[in-house]
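Peer 1: okay, predicted coordinates and the sequence, questions at the end:
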Amino acid sequence: MTSDADPGKGRLSRRSLFTAAGAGGLGLAAGAVGAFALGKDRAEAAGDVVPFHGAHQAGITTDAQDRMHTAAFDLTASTRQSVISLLRDWTEAAESLTAGRDIGETGASGGAYDAPPEDTGEAQDLHAAHLTITFGFGRTLFVKDGVDRYGVAAHLPEALIDLPLFSGDALEEGRSGGDLIVQACADDPQVAVHAVRNLARIAFGRARVRWSQIGFGRTASTSAEQKTPRNLFGFKDGTSNLKVQEDDLLAEHLWVSGGPAAESWLNGGTYMVVRRIRMHIETWDRTTLREQELVVGRTKREGAPLSGGTEFTAPDFSMPGRDGPLIDPASHLALAHPDHNGGARMLRRGYNYTDGSDGLGRLDAGQFFIAYFVDPRTHYVPMQSAMAKNDLMVEYLRHTGSGLFAVPPGITPGGYIGQGLFEA
Ligand SMILES: C=CC1=C(C)c2cc3[nH]c(cc4nc(cc5[nH]c(cc1n2)c(C)c5CCC(=O)O)C(CCC(=O)O)=C4C)c(C)c3C=C
Ligand SMILES: [Fe+2]
C-alpha cells in the first residue's frame with residue numbers, strides 16, 4: 001500500500017502535491033503531478049503508511065507511534081441511517097488520512113473558491129507519519145437511559161459493562177464515557193490532530209466531541225523491536241507488554257473470538273479501556289530513589305525487577321530481602337503481574353500528557369492509559385480493583401477520566417467500520 005495517487009480516484013498524496021508545486025508551481029499540478037506520483041516520491045512516502053485495511057484495526061498491535069490524539073464523541077444523530085452514514089464517511093476519510101492524502105475529492109485547496117475547503121489543510125505538506133485511526137463503540141451507543149436509540153441493543157456485548165467506580169476514582173464527567181471513540185496515533189503531532197479535527201468536522205450534525213486528549217510520548221512498546229520508553233516518573237514503561245510477535249498470547253488475551261451469535265460482529269475485535277491518570281509528579285520528585293523503586297518494583301536505570309537480572313528477566317516474588325521479599329507485594333509490578341491476576345495479560349498503548357498547570361503551580365501531567373484486552377471483566381476490572389486498594393503507586397496518582405469501548409474488527413476495502421454490527 002502506498003500513500004500516493006489512488007488510481008481509483010485520481011487523488012494525490014499531500015507530499016506528492018507539495019513536491020510538484022515546488023517543481024513548477026501549482027499550475028502544473030493536474031498534468032505533471034502524475035509523474036511525481038508514480039516516481040521517486042511514491043517510494044519515499046510508502047515507508048510511513050500503515051495499511052488501513054486488515055483483519056484487525058490498525059493502531060492496536062501497530063508499533064506504538066510517538067504521538068496521540070484521542071477523542072470521544074456523543075451521537076446527536078436521530079436515526080440509525082444517520083449513524084451508518086457517519087461511519088461510512090469516517091471510514092472513507094480515515095482511508096485517505098492514513099494514506100497521507102487530503103480528505104474529500106478536492107482536498108484542502110482544490111475546491112470551489114466560494115466554499116469551505118473539504119480538508120482543513122494543516123497536514124498538506126506532511127507525510128502520513130504512520131498515522132493510524134482506531135474506532136470503538138461505547139455502551140451508550142447500544143443503550144442510553146434505557147433507550148435503544150439505533151436498533152443495536154440486541155447486539156450489546158455482555159462484556160461491555162459499566163465500569164465500577166474504583167476506590168479513589170475522581171472521575172470527571174467531561175473526561176469520561178462517550179458513544180464512540182477515535183484514537184489517532186502518528187509520529188507527527190500535527191498529523192494526529194489534523195485527523196481528529198477533520199473527523200470531528202465530518203461528524204457535524206451527527207456527533208459532537210465529548211472530550212479529547214493529546215499525548216506526546218508513548219509509554220509502551222508493542223513490538224519486540226521497539227525500545228522501551230519512559231513515563232513521567234522516569235521509569236521504563238511497557239517492558240512486559242504484550243507484543244505483536246506473540247501471536248498465541250494475542251489470540252488468548254487480546255482478540256475476541258467465538259462469542260454468542262448476537263456478538264459475532266465483534267469477532268476479530270477487542271476491548272479498549274482509557275483512563276486519564278494525573279500523576280503527582282512534584283510529590284514524586286521529592287521522593288527518594290529507594291522509595292521510587294520500591295513503589296514500582298523495578299530499578300529506575302535498567303528497569304530490572306528488584307529480585308535481580310536485567311530488564312527482561314522474570315521477577316521472582318519469593319526472593320527474600322532483609323525485611324521481606326525484595327519485590328514488595330504492594331508494588332505496582334507485583335499487583336500488575338499475571339501471576340497475581342489469574343494469568344491475565346493486556347496490551348498497553350498509553351501516552352504521557354501535560355495539559356498546562358493547575359493554577360496551584362503544579363503541572364497537570366500524567367499518563368493517558370490505554371489498554372486493549374479480550375474481556376474487561378477478567379482482564380481489567382480485577383487488576384484495577386486490586387491496584388486501587390493496595391498499589392503503593394496509588395498515593396501518586398489520581399484517575400480523572402475513564403471509558404470502556406468495544407473495538408470492532410478491521411475493515412475490508414469497500415466496507416465501513418462497524419458494518420458487521422449494523423448489518424447483523
Ligand atoms: C489496570 C492496569 C494498569 C494501570 C491503570 C497502570 C497504570 C500505571 N502504570 C505505570 C507504570 C508502570 N506499569 C508497569 C507495568 C504494568 N502495569 C500494568 C497495568 C497497569 N498500569 C501491567 C499489566 C504491567 C505489567 C506487569 C507485568 O506483566 O510484569 C511498569 C513496569 C514496566 C512494565 O512492565 O511495563 C511501570 C513502570 C504508571 C506510571 C501508571 C499510571 C500513571
Ligand atoms: Fe502500570
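Peer 2: In hand now; what should we look at? Numbers count the residues shown, from 1 in each chain. Ligands and ions are numbered 1, 2, ... in the order given.
Peer 1: for the lengthiest helix in the chain, what is the average pLDDT?
Peer 2: In the chain, assigned by DSSP state H, the helix with the most residues is helix 80-98. Regarding helix 80-98, the rounded mean pLDDT is 98.
Peer 1: now the angle from whatever helix or strand comes next after that helix to helix 80-98?
Peer 2: Remark: after helix 80-98, the chain's next helix or strand is strand 132-138, criterion DSSP states H and E. What separates the directions of strand 132-138 and helix 80-98 is an angle of 160 degrees, with axes from the mean of the first three to the mean of the last three CA atoms, to 10 degrees.
Peer 1: list the residues that contact the closest residue to residue 117 other than its chain neighbours.
Peer 2: In this structure, residue 117 finds its nearest non-sequential neighbour in residue 108, 5.1 Å apart by CB to CB, 6 or more residues apart in numbering. C-beta: built from backbone N, CA, C; applies to glycine. By CB atoms under 8 Å, 6 or more residues apart in numbering, residue 108 lies in contact with 102, 117-121, 124.
Peer 1: measure residue 120 to ligand 1 for me?
Peer 2: To ligand 1, residue 120 is 32 Å away according to CB to the nearest ligand atom, to the nearest Å.
Peer 1: wait, that residue sits on residue 199?
Peer 2: No - Residue 120 lies out of contact with residue 199 (CB atoms under 8 Å); the separation is 10.9 Å.
Peer 1: pick out whichever of these two has more residues nearby.
Peer 2: Comparing residue 120 with residue 199 by other CB atoms under 10 Å, the one with more neighbours is residue 199, at 25 against 16.
Peer 1: how about that one, phi and psi?
Peer 2: Backbone torsions of residue 199, given as degrees, to the nearest 10, read phi -70, psi -40.
Peer 1: now do the same for it: its pLDDT.
Peer 2: As predicted, residue 199 sits at a pLDDT of 98.
Peer 1: doesn't residue 90 make contact with it?
Peer 2: Yes - counting by CB under 8 Å, residue 199 touches residue 90, with 5.8 Å between them.
Peer 1: coming back round to it: what residues of the longest helix of the chain count as buried?
Peer 2: Going by neighbour count (16 or more other CB atoms under 10 Å), the buried part of helix 80-98 is 82-84, 86-91, 93-98.
Peer 1: distance of residue 187 from ligand 1?
Peer 2: Distance, residue 187 to ligand 1, by CB to the nearest ligand atom: 21 Å.
Peer 1: need the nearest residue in space to that residue, chain neighbours excluded.
Peer 2: Leaving aside its chain neighbours, residue 187 sits nearest to residue 129 (4.5 Å; criterion: CB to CB, 6+ apart).
Peer 1: burial of that neighbour, as a residue count?
Peer 2: Using other CB under 10 Å, the number of residues around residue 129 comes to 23.
Peer 1: same check, this time on residue 105
Peer 2: When neighbours are counted by other CB under 10 Å, residue 105 registers 11.
Peer 1: the residue nearest in space to the middle of the chain: what secondary structure?
Peer 2: Among the residues of the chain, the one closest to the centroid is residue 183, at 4.3 Å (CA atoms, centre = their mean). State at residue 183, reduced to three classes by DSSP: H, G, I helix; E, B strand; the rest coil: strand.
Peer 1: report the separation between it and residue 121.
Peer 2: Separation of residue 183 from residue 121 (CB to CB, to the nearest Å) stands at 23 Å.
Peer 1: what parts of the stretch 101-250 of the chain come near ligand 1?
Peer 2: Contact residues, the stretch 101-250 of the chain versus ligand 1 (CB under 6 Å from any ligand atom): 231, 233, 235-241.
Peer 1: just those: which are in strands?
Peer 2: Nothing among those maps onto strands, per DSSP state E.
Peer 1: quick revisit: and for residue 199 and residue 90, which residues touch both?
Peer 2: Shared contacts of residue 199 and residue 90, defined by CB under 8 Å, 6+ apart, are found at residue 182.
Peer 1: got the contact list for the residue lying closest to residue 380 once chain neighbours are set aside?
Peer 2: Closest residue to residue 380 apart from its sequence neighbours, by CB to CB, 6+ apart: residue 273 at 5.4 Å. Residues counted as contacts of residue 273 (CB under 8 Å, 6+ apart) are 163, 369-371, 373, 376, 380, 402-405.
Peer 1: same check on residue 174?
Peer 2: Applying CB under 8 Å, 6+ apart, the residues contacting residue 174 are 210-211.
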